[in-house]
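**Student:** Starting from these lines, generate the structure:
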Amino acid sequence: MVKGLKAIFKIRATYIGIAAAIAFQLIFFTVWMTAYDGVSDRFNHLKVGLLNEDAGIGQDIAQRINESLPFQIETYSSLELAQTDMNDRKIEMIIQIPDSLSNSMQSGAEASIVYWVNQSNSSLTKTMMENTAFHLNEQINQQLFAFQKSEATSVFGQQISNAAIPKELADSIGSSVKMLVEHMKDKPIGADIKKVNNAEGFAANFVPFMIIISSFVGAMVMIMQHQDALQLVKGSVSKWGLFASRQIINIGVAFILPILTIGLMSIFNIASEVNTFSIYLFQSIMFWAFLSLAQIFVLLFGNLGMLFNILALSLQLVTSGVLVPKAALSEGYIKLASILPATYGADGYYTIIFGGGDASIRSNIVSLLGIVAVTLLISSAAVALKKDYNKHIEVASSLVK
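**Tutor:** Sure thing, here's the model as predicted:
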C-alpha cells in the first residue's frame with residue numbers, strides 16, 4: 001500500500017485532482033457568497049411597467065403605486081408597448097389600470113386592476129411579482145375603503161345637519177347611514193393577475209438552469225479528456241494540426257448534441273414556443289461557445305486550466321439570471337454576465353420554453369457567435385505562443401541521423 005501511495009503521489013495529475021476538490025469549495029463559496037451578498041437590497045433595481053387608462057380615480061391609484069412600490073416604475077402610454085418590453089424582459093410586470101375603473105366603482109359593478117406577470121423569468125422573479133400584485137392590491141383596497149367610508153359619512157352628516165329635520169329623525173338616519181357604510185365592500189377593486197408566456201408543469205421552470213449547467217459541465221469534461229488524448233499524439237502532429245483537429249471535433253459535437261437535447265425534451269414532454277430548427281441551431285451555437293470558452297484555459301494552463309473552468313462554471317451560474325435576476329446583482333457581476341455565454345444561453349432558453357420576443361433567439365445567437373469568435377482568437381494566440389513538439393522531434397531525429 002505504501003508503495004502504491006508513493007507511486008501515485010509521483011504523478012502530477014494526483015495533485016491536480018486534490019487541488020480541484022479543494023478549489024470547488026473555495027471557488028463556489030467565494031463566488032456565490034459575494035455575488036448574492038446584498039441581493040435583497042438591490043431588488044429595487046427590478047422594473048415594473050405602469051399603464052393608467054383611467055382619468056378618474058386611476059390618477060390617484062397610479063400616484064400611490066409610484067410612491068409605494070419598491071421597484072423602478074416605467075410609465076407606458078399603450079399596452080402594446082409595455083408588452084413588447086415585457087417580452088424582451090426589460091420589465092418584469094405590467095400594472096394596467098383600465099379606463100372603466102372609475103365607472104365600474106361608481107355603478108357598483110366589478111372593478112379590477114390587471115397585473116400582467118411575465119413567466120419567462122427566474123422563479124424568484126415570478127414569485128416576487130405575483131406576491132407584489134396581491135399585496136399592492138390589498139394595500140390599494142384598504143386605502144380606498146377607508147377613504148370611501150370617511151367620505152360617505154362626512155357627506156351624509158353634512159347633508160343631515162343642513163336639512164331642517166328633527167334631531168331624533170336626524171340621529172336615526174345617521175345611524176342607518178353608518179350601518180350602510182359598514183356594509184360597504186371592503187375590497188372594491190379586484191386583482192386580475194394574468195400570467196404571460198406561461199408554460200405548463202413545475203419542471204419547466206428548471207429547464208434553462210438544467211441545460212446551462214449540463215452543457216457547460218459537459219463541455220469542461222470533454223475538453224479535459226481531449227487534452228489528455230492530444231498529449232499522447234502531440235509528438236507526431238504539429239500544434240496547428242492538433243488545434244485544427246480539436247476545432248473540427250468541437251464543431252462536430254456541438255452540431256450533433258442538439259439532436260439528443262431535442263429528443264430528451266420530447267421524451268419528457270417539455271413544450272417549446274419556437275420551432276425545432278431554432279432550438280437545434282441555438283443549442284448548437286451555445287454548446288460551441290461553451291466549448292470555445294472551456295478550451296482557452298486548458299490551452300493556456302494545461303490540466304490546471306480545470307481550476308479556471310470551475311471558476312467559469314460558478315460565475316456563469318450566478319450571473320446567468322436563472323436563479324436570481326441579473327438586475328439584483330452588483331454592478332461588477334452584471335458587467336461580467338455580459339461577456340459570459342450562459343447569460344445568452346439562459347435568455348434564449350427562457351424564450352424557447354416560455355415564449356417572448358421573436359428577436360430574442362436571433363440576438364442571443366449573434367452574441368454567442370461573437371463570444372465564439374473572441375475565444376477562438378484567444379485560443380489561437382495561446383497555440384501560437386506554445387512550442388511545437390512535432391518540430392522538435394523532427395529536428396532531433398535529423399540530428400541523430
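
**Student:** Give me the helices and strands touching the helix or strand harbouring residue 195, please.
**Tutor:** According to DSSP states H and E, residue 195 maps onto strand 189-196. Packing partners of strand 189-196 (3 or more Cβ pairs under 8 Å, 6 or more residues apart in numbering; DSSP states H and E): helix 79-87, strand 111-118, helix 123-162. C-betas here are computed from N, CA, C, even on glycine.

**Student:** 10 Å - rerun?
**Tutor:** Here strand 189-196 touches helix 79-87, strand 93-97, helix 101-107, strand 111-118, helix 123-162, going by 3 or more Cβ pairs under 10 Å, 6 or more residues apart in numbering; DSSP states H and E.

**Student:** Check whether residue 198 sits in a helix, strand or coil.
**Tutor:** The local conformation at residue 198, judged by DSSP: H, G, I helix; E, B strand; the rest coil, is coil.

**Student:** what's near enough to touch the spatially most central residue of the chain?
**Tutor:** Nearest to the mean C-alpha position of the chain, by Cα atoms, centre = their mean, lies residue 321 at 3.0 Å. By Cβ atoms under 10 Å, 6 or more residues apart in numbering, the residues touching residue 321 are 89, 121-122, 124-125, 208-209, 327-329, 337, 342-343, 346-347, 350.

**Student:** chain center to stretch 251-259, what's the gap?
**Tutor:** 25 Å (Cα atoms, centre = their mean, to the nearest Å).

**Student:** which stretches of the stretch 1-150 of the chain aren't confidently modelled?
**Tutor:** The stretch 1-150 of the chain contains residues with pLDDT under 70 at 1, 146-150.

**Student:** How about the stretch 251-400 of the chain?
**Tutor:** 357-359, 389-400.

**Student:** List the contacts of residue 61.
**Tutor:** 50, 52, 54, 95, 97, 101-102, 113, 136, 140, 143-144, 189.

**Student:** related to what we said a few turns ago, and the average pLDDT for the strand holding residue 195 is what?
**Tutor:** The average pLDDT for strand 189-196 rounds to 91.

**Student:** what angle do that strand and helix 79-87 make?
**Tutor:** 60 degrees (axes from the mean of the first three to the mean of the last three Cα atoms, to 10 degrees).

**Student:** Can you list the buried residues in the helix or strand following strand 189-196?
**Tutor:** Next in sequence after strand 189-196, counting helices and strands by DSSP H and E, comes helix 207-231. Within helix 207-231, the residues scored as buried using 16 or more other Cβ atoms under 10 Å are 207-209, 211-213, 215-216, 218-220, 222-224, 226-227, 230.

**Student:** next one: stretch 84-99
**Tutor:** Counting neighbours by 16+ other Cβ under 10 Å, stretch 84-99 gives 85-89, 91-98 as buried.

**Student:** Dump these into CSV; add distance to residue 280 as well.
**Tutor:** Formatted as CSV, those follow (distance: Cβ to Cβ, whole Å):
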residue, distance to residue 280
85, 29
86, 27
87, 23
88, 23
89, 23
91, 30
92, 30
93, 32
94, 33
95, 38
96, 37
97, 43
98, 42
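
**Student:** Residue 351 touches residue 118, doesn't it?
**Tutor:** No - with contacts defined as Cβ atoms under 10 Å, residue 351 does not count as touching residue 118, sitting 11.4 Å away.

**Student:** intersection of neighbour lists for the two?
**Tutor:** Counting by Cβ under 10 Å, 6+ apart, the residues touching both residue 351 and residue 118 are 87-89, 197.

**Student:** Next, format those residues as TSV and append distance to residue 374.
**Tutor:** Formatted as TSV, the shared contacts of residue 351 and residue 118 follow (distance: Cβ to Cβ, whole Å):
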residue	distance to residue 374
87	29
88	25
89	24
197	31
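
**Student:** May I ask which two of those are separated the most?
**Tutor:** Greatest spacing in the shared contacts of residue 351 and residue 118, by Cβ to Cβ: 88 and 197 (11.3 Å).

**Student:** before we move on, the earlier item: ok, so of the buried residues of stretch 84-99, who is nearest residue 5?
**Tutor:** Of the buried residues of stretch 84-99, the one sitting nearest to residue 5 (Cβ to Cβ) turns out to be residue 89, at 54.0 Å.

**Student:** surely that closest one meets residue 351?
**Tutor:** Yes - at 8.9 Å, residue 89 and residue 351 qualify as touching, with contact defined as Cβ under 10 Å.

**Student:** Got the domain ranges for this protein?
**Tutor:** The record's domain parsing of the chain by automatic domain parsing lists 2-35+202-396, 39-196.

**Student:** Please export the C-alpha coordinates of the strand holding residue 195 as PDB.
**Tutor:** Extracted in PDB, the C-alpha atoms of strand 189-196 (Å, rounded to 0.1, in the frame of the first residue of the first chain):
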ATOM      1  CA  ILE A 189     -61.100  46.600  -6.600                       C
ATOM      2  CA  GLY A 190     -60.200  43.100  -7.600                       C
ATOM      3  CA  ALA A 191     -56.800  41.800  -8.700                       C
ATOM      4  CA  ASP A 192     -56.800  40.300 -12.200                       C
ATOM      5  CA  ILE A 193     -53.500  38.500 -12.400                       C
ATOM      6  CA  LYS A 194     -52.600  37.300 -16.000                       C
ATOM      7  CA  LYS A 195     -49.600  35.000 -16.400                       C
ATOM      8  CA  VAL A 196     -48.000  35.900 -19.700                       C
END
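
**Student:** Can you list the buried residues in it?
**Tutor:** 189, 191-193, 196.

**Student:** so which of those residues comes closest to residue 238?
**Tutor:** The closest of the buried residues of strand 189-196, once distances to residue 238 are taken by Cβ to Cβ, is residue 196, at 55.1 Å.

**Student:** thought the closest one was touching residue 130?
**Tutor:** No - using Cβ under 10 Å, residue 196 is not in contact with residue 130, being 11.9 Å away.

**Student:** contacting residues around residue 299?
**Tutor:** Applying Cβ under 10 Å, 6+ apart, one finds that residue 299 lies in contact with 223, 227, 239, 243, 246, 305, 378-383, 385-386.

**Student:** before we move on, what about residue 194?
**Tutor:** Taking Cβ under 10 Å, 6+ apart as the contact definition, residue 194 lies against 94, 96, 114-117, 133.

**Student:** now, which of those sits nearest residue 20?
**Tutor:** Looking across the contacts of residue 194 and measuring by Cβ to Cβ, the closest to residue 20 is residue 117, at 41.7 Å.
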